[in-house]
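Undergrad: Predicted model and sequence below, questions to follow.
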Amino acid sequence: MESSSVPIKNDNNKSKKQFLLLSGIALLLIIGVILMIVLGGGSKNNKASKSVMKNEPGSYQNLAQLRNYKHEAVIQISSNGPLPATLNVQKDTKVIWQNGDNKAHAIAIVSTEKVPSYFFNNRNIEANAGYAWVVHQPVTFHYYIVDSPTQTGVVVVK
């Protein structure tokens, strides 16, 4: 009796490949969602906050500290200086220096004053980017634009 061999189709390898492909796609989706939450998360997300995120890793405040605020205020930096020149805010406010100019500007606290906790003094803010700092205690300090020292501002936190 002659035996003929019939090739047996092995669907096991095909199923493993499909499983690995689907698992990889699912993993990429999960990573994408996590990155969206970490980089752009928070219910207080607005245009100013989103543009700040790219500068935050170099700041002294971590993301959790930067998200712990009740109010938000923006200081616009341009070639004409900061607007408003005097910013009055309550404690627990996220202050955002938003550079709307086409070149980088640095902000620095006047040298005779103590640098507030967590503030990154002489912070370089790239063009069309920003720097955020959350103030939790009352403080008043004067600052200036490093490349134009006559352009000054005051932040008053009550």
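TA: Arrived safely, thanks for sending.
Undergrad: Any stretches of the protein with poor pLDDT?
TA: Applying pLDDT under 70 to the chain flags residues 1-12, 33, 35-62, 117-118.
Undergrad: Can you give me the domain assignment for it?
TA: 12-41, 47-157 (automatic domain parsing).
Undergrad: Tell me how far the top helix by length along the chain lies from the chain's centre.
TA: If each helix of the chain is counted by residues according to DSSP state H, the longest one is helix 11-40. Remark: helix 11-40 is offset 27 Å from the chain centroid, using Cα atoms, centre = their mean, to the nearest Å.
Undergrad: Could you pull out the buried residues of that helix?
TA: Buried residues in helix 11-40, counting neighbours by 16 or more other Cβ atoms under 10 Å, are absent. Where you see a C-beta, it was placed from the backbone N, CA and C, and this is true even at glycine.
Undergrad: same deal with stretch 83-92?
TA: Result for stretch 83-92 [16+ other Cβ under 10 Å]: buried residues 87, 89.
Undergrad: Stretch 102-117 now?
TA: So stretch 102-117, judged by 16+ other Cβ under 10 Å, has buried residues 105-107, 109, 115-116.
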